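*Asks:* Fold the following for me, if possible:
(one chain, ligands or ions: 1)
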Amino acid sequence: MKQFACGDVVPGCGQRFTGDTEDEILGQVADHAAADHGLAEVPADVVEAVRAAIVEA
Ligand SMILES: [Zn+2]
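*Replies:* Okay, here's the model as predicted:
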């Protein structure tokens with residue numbers, strides 16, 4: 001399993017995600033970013049930051 005804490009990229013956000021693959025997590029993050037951060041699309045540099053912050057659980 002891999003996990004990602006949104007707070008690593010967006011300070012103050014307590015949302016956490018787990019998934020089997022980076023892509024699965026990125027899908028969840030895209031939904032969360034749209035719903036909670038007002039990002040209709042996740043910019044490439046944010047995707048990079050998310051990938052860098054994903055850790056093995
Ligand atoms: Zn967040």
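
*Asks:* for the nearest residue to Ile54 once chain neighbours are set aside, helix, strand, or coil?
*Replies:* Leaving aside its chain neighbours, Ile54 sits nearest to Phe4 (4.7 Å; criterion: CB to CB, 6 or more residues apart in numbering). All C-beta atoms are positioned from the backbone trio N, CA, C, and that covers glycine. Classification of Phe4 by DSSP: H, G, I helix; E, B strand; the rest coil places it in strand.

*Asks:* Pull out the buried positions in the helix or strand where Ala30 lies.
*Replies:* In this assignment (DSSP states H and E), Ala30 forms part of helix 22-36. Using 16 or more other CB atoms under 10 Å as the test for burial, helix 22-36 gives 25-26, 28-30, 32-33.

*Asks:* Which elements pack onto it?
*Replies:* strand 2-5, strand 16-19, helix 44-53 (3 or more CB pairs under 8 Å, 6 or more residues apart in numbering; DSSP states H and E).

*Asks:* Out of the ones you listed, which is closest to His37?
*Replies:* Closest approach to His37 among those (CB to CB): helix 44-53, 9.4 Å.

*Asks:* can I get the CA coordinates of the closest one in CSV?
*Replies:* This file holds the C-alpha atoms of helix 44-53, laid out as CSV (Å, rounded to 0.1, in the frame of the first residue of the first chain):
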residue,chain,number,x,y,z
ALA,A,44,1.6,19.4,-13.3
ASP,A,45,3.8,20.8,-10.6
VAL,A,46,1.3,19.8,-7.9
VAL,A,47,1.1,16.3,-9.4
GLU,A,48,4.9,16.2,-9.1
ALA,A,49,4.7,17.3,-5.5
VAL,A,50,2.1,14.7,-4.7
ARG,A,51,4.1,11.9,-6.3
ALA,A,52,7.2,13.0,-4.3
ALA,A,53,5.2,12.9,-1.1
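
*Asks:* Provide a list of residues in contact with the residue nearest the centre of the chain.
*Replies:* Central residue of the chain (CA atoms, centre = their mean): Val29, 4.0 Å from the mean position. Counting by CB atoms under 8 Å, 6 or more residues apart in numbering, Val29 touches 4, 6, 17, 42, 50.

*Asks:* Quick check: residues of the protein near the ion?
*Replies:* By CB under 5 Å from the ion, the residues of the chain that approach the ion are 6, 10, 13, 15.
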